[in-house]
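In: need a structure here:
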Amino acid sequence: MRLVVDTGVHAKRWTRAQVMDYFRQNTSNSERDIFTETNRYIIWPGQACSYKIGMLKILELREQAKQELGAKFDLRGFHDLILQNGSLPLDLVEENVRAWVAQRKG
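Out: Take a look at the predicted model:
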């Protein structure tokens, strides 16, 4: 949903009314939420796309860590690792996860 709206606004040049209509037709969000979400995607190009890419990368890294560590994998520790430095570029997140896995293995 959000990826469609983000793309619609910035690549297809949807109007505010088109975005809000799309939300109404495809979600059960309140009018207030629709208004807030519409504003978010209008002023923040690529937000939904970057969020989704980050989510997919973190899930990929978590799965890799689980595979490599087996019973030594600690979900809470993984979450702490991901969150401890705030927003980071994904290549640094990946470096941190690889170092964390290596430390837990050793």
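In: so the closest residue to residue 88 other than its chain neighbours, which state does it fall into?
Out: Beyond its immediate neighbours in the sequence, the residue positioned closest to residue 88 (Cβ to Cβ, 6 or more residues apart in numbering) is residue 96, lying 7.6 Å away. In short, each C-beta sits where N, CA and C put it, glycine included. Here residue 96 is helix, with the state taken from DSSP: H, G, I helix; E, B strand; the rest coil.
In: just checking, residue 96 touches residue 80?
Out: No: between residue 96 and residue 80 no contact is recorded; they are 11.0 Å apart, counting by Cβ atoms under 8 Å.
In: neighbour count for those two, which is higher?
Out: With other Cβ atoms under 10 Å as the criterion, residue 96 and residue 80 differ in neighbour count, and residue 96 comes out ahead with 16 against 11.
In: re earlier: contact partners for the residue nearest to residue 88?
Out: Under the criterion of Cβ atoms under 8 Å, 6 or more residues apart in numbering, the contact partners of residue 96 comprise 81, 85, 88.
In: neighbour-wise, which of the residues you listed leads?
Out: Of these, with other Cβ under 10 Å as the count, residue 81 tops at 18 neighbours.
In: wait, it sits on residue 99?
Out: No: between residue 81 and residue 99 there is no contact, the gap being 9.1 Å when judged by Cβ under 8 Å.
In: now the contacts of residue 96 in a markdown table, with pLDDT and distance to residue 47?
Out: What follows is those, written out as a markdown table (pLDDT from 0 to 100; distance: Cβ to Cβ, whole Å):
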| residue | pLDDT | distance to residue 47 |
| --- | --- | --- |
| 81 | 97 | 24 |
| 85 | 94 | 20 |
| 88 | 95 | 17 |
